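**Student:** how does the following fold in three dimensions:
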Amino acid sequence: MLDARLLKLPTASHQHCHEHHQIVVGVQGEAELSIDGTGTHLDTWKACLVPTEARHDYCGDLQNHMMVINLDPSSPAISTPSHADYERMVRVFEKPRTIHMDGRLQGLVQFAAGEFDRSPGNLAMHSHLASSILYCMADRISDRTASTPNRHSLSPDAIQRYIRANLHRKITVQDLASEACLSVSRFHEVFREVVGTTPHQFLLQARLNQAINLLASTPLSVSEISYRVGFSSQSALTNALRKHKGTTPARLQLRDDVA
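**Tutor:** Alright, predicted model coming up:
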């Protein structure tokens with residue numbers, strides 16, 4: 001019923017459609033998708049849901065890695081007791097959607113991607129992890145449909161664009177709150193509700209993701225990359241990568257050399 005894999009989207013593709021539902025989830029890098037004529041930007045905090053027969057194409061940057069989950073709506077397995085809640089899961093494909101993942105869901109995706117990479121031949125594990133991601137997305141969509149709390153129009157996209165433009169310098173929570181036109185205390189509360197993580201954790205992940213992209217795709221020194229993504233020193237970046245991503249600059253640069 002489920003087929004899941006890690007892919008690198010090409011820099012261009014022809015418009016196409018297929019007879020299965022599809023989820024494209026950002027793991028690394030960025031991509032542009034167009035579904036039935038509507039464009040969306042995909043990064044590590046977003047997932048795009050493509051229903052069966054929806055015409056779509058995409059364009060990925062050179063560093064992109066995406067988790068692609070295919071769900072066959074005609075599979076006989078959906079009638080078995082183990083998939084009795086299939087109808088709840090498949091509701092997310094009623095229309096094309098872009099999902100802004102909160103911190104917990106993004107963490108699950110990154111964990112699953114790491115397991116896919118660690119054990120590429122374990123298809124049963126891939127399917128179970130992909131099912132977990134899909135069920136979590138379905139839960140969040142159901143929750144948002146059932147209730148629409150006042151979130152003061154906080155846009156994670158706008159915050160992310162601000163962070164990306166100012167990544168090289170110190171960014172305070174006050175800066176982010178001002179960008180959202182909220183007080184610092186209210187910004188903390190609303191940000192946690194909308195994104196699922198704290199502003200500090202969100203900012204740290206943005207710095208680390210950009211550092212990983214630069215380490216894997218440019219000949220820049222670790223010291224220069226540390227400066228560009230806002231770390232105080234090379235050792236600060238190294239320690240953060242080891243603690244939060246389980247890797248080091250040397251490993252990332254070595255992987256690029258081998259590739």
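**Student:** so in terms of bridging, what pairs with residue 57?
**Tutor:** Note on residue 57: beta-bridge partners residue 34, judged by DSSP bridges.
**Student:** surely it and residue 17 touch.
**Tutor:** No. The criterion here is C-beta atoms under 8 Å, and residue 57 misses it with residue 17 at 10.0 Å. (C-beta placed from N, C-alpha, C; glycine too.)
**Student:** who does the helix ranked longest in the chain touch, helix- and strand-wise?
**Tutor:** Using DSSP state H to define each element, the chain has its longest helix at helix 123-146. Applying 3 or more C-beta pairs under 8 Å, 6 or more residues apart in numbering; DSSP states H and E, one finds that helix 123-146 contacts strand 2-7, strand 21-28, strand 65-71, helix 86-90, strand 97-100, helix 103-118.
**Student:** can we see that at 6 Å?
**Tutor:** Of the remaining helices and strands, those touching helix 123-146 by 3 or more C-beta pairs under 6 Å, 6 or more residues apart in numbering; DSSP states H and E are strand 2-7, helix 86-90, helix 103-118.
**Student:** relative to residue 68, which of those is closest?
**Tutor:** Shortest separation from residue 68 across the helices and strands packed on helix 123-146 is recorded for strand 2-7, at 5.2 Å, computed as C-beta to C-beta.
**Student:** so for the closest one, what gets flagged as buried?
**Tutor:** Residues 2, 4, 6 are the ones in strand 2-7 that count as buried (16 or more other C-beta atoms under 10 Å).
**Student:** ok, back up a step: what does the longest helix of the chain contact?
**Tutor:** Applying C-beta atoms under 6 Å, 6 or more residues apart in numbering, the external contacts of helix 123-146 come out as 2, 4, 69, 88-89, 92, 99, 105, 112, 116.
**Student:** average model confidence for the next helix or strand after that helix?
**Tutor:** Scanning forward in sequence from helix 123-146, with DSSP states H and E defining helices and strands, the next element found is helix 156-165. If you average the pLDDT over helix 156-165, you get 83.
**Student:** and the next helix or strand after helix 156-165, what does it pack onto?
**Tutor:** As assigned by DSSP H and E, the chain's next helix or strand after helix 156-165 is helix 173-179. Applying 3+ C-beta pairs under 6 Å, 6+ apart, we find helix 173-179 packed against helix 184-195.
**Student:** does the spatially most central residue of the chain count as helix, strand or coil?
**Tutor:** Using C-alpha atoms, centre = their mean, the residue of the chain that lies closest to the mean C-alpha position is residue 44, 2.7 Å off. When states are read from DSSP: H, G, I helix; E, B strand; the rest coil, the local structure at residue 44 comes out as coil.
**Student:** gap between it and residue 110?
**Tutor:** Summarising the geometry, the distance separating residue 44 from residue 110, computed by C-beta to C-beta, to the nearest Å, is 8 Å.
**Student:** what's the neighbour count on residue 236?
**Tutor:** 12 (other C-beta atoms under 10 Å).
**Student:** again with residue 39
**Tutor:** Taking other C-beta under 10 Å as the neighbour definition, residue 39 ends up with a count of 12.
**Student:** which stretches of the stretch 51-200 of the chain aren't confidently modelled?
**Tutor:** Low-confidence segments of the stretch 51-200 of the chain, defined by pLDDT under 70, span residues 73-89, 143-153.
**Student:** if we can go back for a sec, let me know the closest of the contacts of helix 123-146 to residue 201.
**Tutor:** The nearest one, if we look at the contacts of helix 123-146 relative to residue 201 and count by C-beta to C-beta, is residue 105, at 13.8 Å.
**Student:** you'd agree the residue nearest to the centre of the chain is up against residue 30?
**Tutor:** No. Applying C-beta atoms under 6 Å as the test, residue 44 and residue 30 come out as separate, 8.2 Å apart.
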